[in-house]
Structure formats: C-alpha cells, structure tokens
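Visitor: Quick one: sequence and predicted model below, then my questions.
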Amino acid sequence: MSYLGYVIAAYAVFVGVLLWDVLAARWQVRRALRQAAARRQRQRGRTAVVDTELLR
C-alpha cells in the first residue's frame, strides 16, 4: 500500500494555501498603500482650496 499520491496531494494543497496567503497579504498591502495615497491626494486638494479662499 503506497501513500505517495496522498502525500503529493497534501503537499500540493499546502503549497497552494501558502501561495494564496502570500498573495493575499501583498494585495492587502498594495490596496492600503493606494488608499493612503488617494487620501493624501484628497487632503492636498482640500488644503489648496482652503488656502485660496483665505487669500481672497
């Protein structure tokens, strides 16, 4: 009785889950950085409008 097929399948599932975990973490970091950049851009836009209105 050989368990080779079971062992290969178990390792394949492990590698698949590990790969998914790494990719999901990178996507989450990339999304957070993009949101922070968008927030920074919006805040810069607000500051420019406020400064312009105060100079009038």
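Guide: Thanks, I have it.
Visitor: When you work out contacts or count neighbours from here on, use the C-alpha atoms and nothing else.
Guide: OK.
Visitor: Ramachandran coordinates for Tyr3?
Guide: Torsion angles at Tyr3 (phi, psi; degrees, to the nearest 10) stand at phi -100, psi 10.
Visitor: Kindly report the same for Ser2.
Guide: Note on Ser2: backbone dihedrals following degrees, to the nearest 10 are phi -110, psi 130.
Visitor: And for it, the neighbour number?
Guide: 6 (other C-alpha atoms under 10 Å).
Visitor: shaky segments in this protein?
Guide: Applying pLDDT under 70 to the chain flags the ranges 47-56.
Visitor: where do the helices sit along it?
Guide: Taking DSSP state H, the helices of the chain run over residues 4-55.
Visitor: what's the distance between the most centrally placed residue in it and Ile8?
Guide: Centroid check for the chain by C-alpha atoms, centre = their mean gives Gln28 as the closest residue, at 2.0 Å. Relative to Ile8, Gln28 is positioned 30 Å away (C-alpha to C-alpha, to the nearest Å).
Visitor: just Arg42 next, same as before
Guide: Using C-alpha to C-alpha, Arg42 is found at 51 Å from Ile8.
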